[in-house]
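Trainee: Got a sequence here, can you build the structure:
(chains A and B)
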Amino acid sequence: MPSITDFTCPLPRLDYDTIQLAHGSGGRLSAELIDKLFLPRFANPILNRLEDQATLQMPPGRLAMTTDSFVVSPIFFPGGDIGDLAINGTVNDLAMGGATPLYLSVAFILEEGLPIADLHRILLSMEKSAATAGIQVVTGDTKVVNKGACDQIFINTTGIGVIESGIALSAANIRPGDKIIVSGTIADHGMAILTCRENLSFHSRINSDSAALNSLVKEMLEVSKEIHALRDPTRGGLATTLNEFAASSGVGILLEEKAIPVRAEVRGACEVMGIDPLYVANEGKLVAAVPPDQAERVLNAMRCHPLGSEAQIIGTAVAEHPRLVTIKTALGAERIVAMPVGEQLPRIC
Amino acid sequence: MNNIKYLDEYRDPVLAGKILEQIRATVTRPWVIMEICGGQTHSIVKNGIDQLLPPEIELVHGPGCPVCVTPLETIDRAIAIAGCPEVIFCSFGDMLRVPGSTKDLFKVKSEGGDVRMVYSPLEAVKLARQHPDREVVFLAVGFETTAPGNAMAMVQAAREDLTNFSELVSHVLVPPAMRALLSAPNNRVQGYLAAGHVCTVMGWEEYESIADEFSVPIVVTGFEPVDLLSGILATVHQLEEGRHEVENRYERLVHREGNLAARKVIDQVFTVTDRKWRGIGEIPLSGLAIREEFKRFDAEEKFQVGNISVLEPEICISGEILQGLRKPSTCPAYGKECTPTHPLGATMVSSEGACAAYYQYKSYSGN
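Mentor: Next up, the predicted model:
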């Protein structure tokens, strides 16, 4: 995990080293936070105007808009932190519609007492992720709440992007015969979070896969505009996303257990805790439903991209068992992959 | 943590296929075999092993799911304790969603109770050490598998002289349940797959008299597909040949005498007692209770919740399912009034419960 000393940007000098209620009051401390902490990270001509609203120029095409709130605990984890998740999560939701991400709003809810150094570290990683994704932060807000009223820091991001003509991605478009492709190993993010929680008595080397997928999607759409659907399997994991695919389109989905990529250390951690990787969150993976004649081409394009190098065809949309996801087990039997009931709970034994 | 080894070897489809062939070649007539443990049920259904077996072999699912057999009143007692403001209530994850008569432990948490999921009872001891002003209570349920850890936690607390740690104990033992099932007038079980992890702790000496007395083969069996299939093959061999022995097919972990250190700490802290099983009722000498020397760690006494008792809902057939008398899909409520979101009985709650395993992996009606 990078430490604060890995970053070249030194922590700006502020009057306090922790967040105070006054930092959210709109007064001098608020202004200091904006000037010294936020603006240096996100500066661009639209944001720099510091009006009550951002005024935006939009290129031609349909607009895509999405919003997401981030409340992850711990806020720093192997492979990422709440800051890059907040950028990547919203960028990915835009990208799954085939949109080019353009603008982002960022709203912080900060708990009184949060170390300024932690906030700075989160902002640095947001700056880096936004630059990688090519998205501009154009408006923002900060509120400070009493100690105990939130868990250190909550972040909401809303994103706007534009969809070129000729692209119409939707889970409803999936047809029997479509190939189901996953862009890489599953369950990395969820297991990274779970295994680094402080009350767990073993340590792992699992890193979160947090990443912005818009450049991968761009490569995929360049080789085929006929891709039917894209989705990032975040909370609820691959199983939930595929159940959504099946429900929206009315097809059945048949998976091949052997084809689903899971890192050995992730599989090990899942075994120890009695958790099924199919239901564990990802933050830098996508699932695609692609017409069969386009599948190889799309797969090859994905594998040429660093975020898709381990892409695999993991199953097929079928006309049998409509709206139901099934999996062919390694032994050759077939069973259903149901929607999860709630969060997976580690088993007693 | 390093990668876990010895998984792929026991999931090898080619090897599994060969054992399946041998089972098909060996079986000549119908046999009813019970896998004791819910973990085995989960693995059988998840891997689809039941679909691949020849039709002569019927697997019935045993009572070995700790969540399922924990009596409703234990859950109610846990809920009563967890609601006390001074208490930090600790439990393994899958007990949190088990419904008591009116609510579950998650609900208590949402009402402001300090309910925490832990991965080991020793974490609860650590919490007690860190919070001397609070009462830390651990929900100690399960079979012989969790008993050593739960006993160890009390030994540790005694060593540290902690006065703010206690356990709400509802431990159950496998062999008395196996006897009770075989003694029942409507018993159908002809052979047992014994639970590999229970035998890792306890060994298999205590199964020898059961095999003799009831003329049933008992095969110590693991949890991976190859483990399960070789356990089934060994059982079928014995049944076809008219033998009834205790056989170990989990050689890489189990020895006849078990884990002596673990057995010692169980003995040090617990004594055998009569115990009520959810859905089945009281089975004599089938549970563990805290010995006098460790009574100060008994949450039931400390919080005076021993008088809480309740009756099971009548519609639920989980008792018959836990005894292998009926299959989940034959229950009229299954998948209708009773689902994992709204479980009527314990076997629908835990992922190891037979009803939940069926619902998760087999229910083609689940839209």
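Trainee: which bits of the stretch 1-150 of chain B sit near chain A?
Mentor: B:1-4, B:7, B:11, B:13, B:16-17, B:39, B:45-49, B:51-52, B:66-67, B:92-97, B:116-120, B:122-123, B:141-143, B:145-146 (C-beta under 8 Å from any C-beta of the partner chain). Every C-beta, even on glycine, is put in place using the N, C-alpha and C of the backbone.
Trainee: Buried among these? Need that as a selection in ChimeraX.
Mentor: To isolate the buried ones among those in ChimeraX, judged by 16 or more other C-beta atoms under 10 Å in any protein chain shown, type:
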select /B:11,13,16,39,45,46,47,48,49,52,66,67,92,93,94,95,96,97,116,117,118,119,120,122,123,141,142,143,145,146
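Trainee: State the distance from the nearest residue to B:Gly279 once chain neighbours are set aside to B:Pro313.
Mentor: Among residues not flanking B:Gly279 along the chain, B:Gly319 sits closest, at 3.4 Å (C-beta to C-beta, 6 or more residues apart in numbering or on different chains). Per C-beta to C-beta, to the nearest Å, B:Gly319 is found 11 Å from B:Pro313.
Trainee: Those two: which is more packed in?
Mentor: Counted by other C-beta atoms under 10 Å in any protein chain shown, B:Gly319 and B:Pro313 do not tie: B:Gly319 has more neighbours, with 20 against 14.
Trainee: So which elements touch the helix or strand containing the more buried one?
Mentor: Under DSSP states H and E, the secondary-structure element containing B:Gly319 is helix B:318-322. On a contact count with 3 or more C-beta pairs under 8 Å, 6 or more residues apart in numbering or on different chains; DSSP states H and E, helix B:318-322 meets strand B:57-64, helix B:66-69, helix B:354-361.
Trainee: Point out the most buried one among those.
Mentor: With neighbours defined as mean count of other C-beta atoms under 10 Å in any protein chain shown, the helices and strands packed on helix B:318-322 peak in mean count at helix B:66-69, which reaches a mean of 28.
Trainee: How far off centre is the helix or strand that it is followed by?
Mentor: The first helix or strand that comes after helix B:66-69 along the chain, using DSSP H and E, is helix B:72-82. Remark: helix B:72-82 is offset 19 Å from the chain centroid, using C-alpha atoms, centre = their mean, to the nearest Å.
Trainee: so where's the chain shaky on pLDDT?
Mentor: Looking at chain A here, since you left the chain open. Within chain A, the ranges that satisfy pLDDT under 70 run A:1-8, A:198-202, A:346-349.
Trainee: wrong chain, I was asking about chain B
Mentor: B:1-6, B:363-367.
Trainee: Find the closest residue to chain A in it.
Mentor: B:Gly48 (2.1 Å; C-beta to the nearest C-beta).
Trainee: Excluding sequence neighbours, find me the nearest residue to that residue.
Mentor: Nearest one to B:Gly48, counting by C-beta to C-beta, 6+ apart, is A:Ala333 at 2.1 Å.
Trainee: all helices of the stretch 1-150 of chain A, in order?
Mentor: Assigned helices in the stretch 1-150 of chain A, in chain order: A:28-32, A:39-42, A:45-48, A:82-95, A:116-133 (criterion: DSSP state H, counting those that start in this stretch).
Trainee: any idea how far A:Lys36 is from the closest residue to A:Leu307 other than its chain neighbours?
Mentor: Among residues not flanking A:Leu307 along the chain, A:Leu216 sits closest, at 4.6 Å (C-beta to C-beta, 6+ apart). To A:Lys36, A:Leu216 is 35 Å away according to C-beta to C-beta.
Trainee: More neighbours: which of the two?
Mentor: A:Leu216 (26 against 16).
Trainee: by contact count, what packs against the helix or strand that contains A:Ala246?
Mentor: According to DSSP H and E, A:Ala246 maps onto helix A:237-249. Applying 3+ C-beta pairs under 8 Å, 6+ apart, one finds that helix A:237-249 contacts strand A:179-182, strand A:229-231, strand A:252-256, strand A:287-290, strand A:312-318, strand A:325-328.
Trainee: Render the CA-only coordinates of the helix or strand harbouring A:Met302 in PDB, please.
Mentor: In this assignment (DSSP H and E), A:Met302 forms part of helix A:292-303. What follows is helix A:292-303, C-alpha atoms only, in PDB (Å, rounded to 0.1, in the frame of the first residue of the first chain):
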ATOM      1  CA  PRO A 292     -21.500 -15.000 -31.000                       C
ATOM      2  CA  ASP A 293     -20.000 -13.900 -34.300                       C
ATOM      3  CA  GLN A 294     -18.400 -10.900 -32.600                       C
ATOM      4  CA  ALA A 295     -17.200 -12.600 -29.400                       C
ATOM      5  CA  GLU A 296     -13.700 -13.600 -30.500                       C
ATOM      6  CA  ARG A 297     -13.000 -10.100 -31.900                       C
ATOM      7  CA  VAL A 298     -14.100  -8.400 -28.800                       C
ATOM      8  CA  LEU A 299     -12.300 -10.900 -26.600                       C
ATOM      9  CA  ASN A 300      -9.000 -10.300 -28.500                       C
ATOM     10  CA  ALA A 301      -9.400  -6.500 -28.200                       C
ATOM     11  CA  MET A 302     -10.000  -6.900 -24.400                       C
ATOM     12  CA  ARG A 303      -6.900  -9.000 -24.000                       C
END
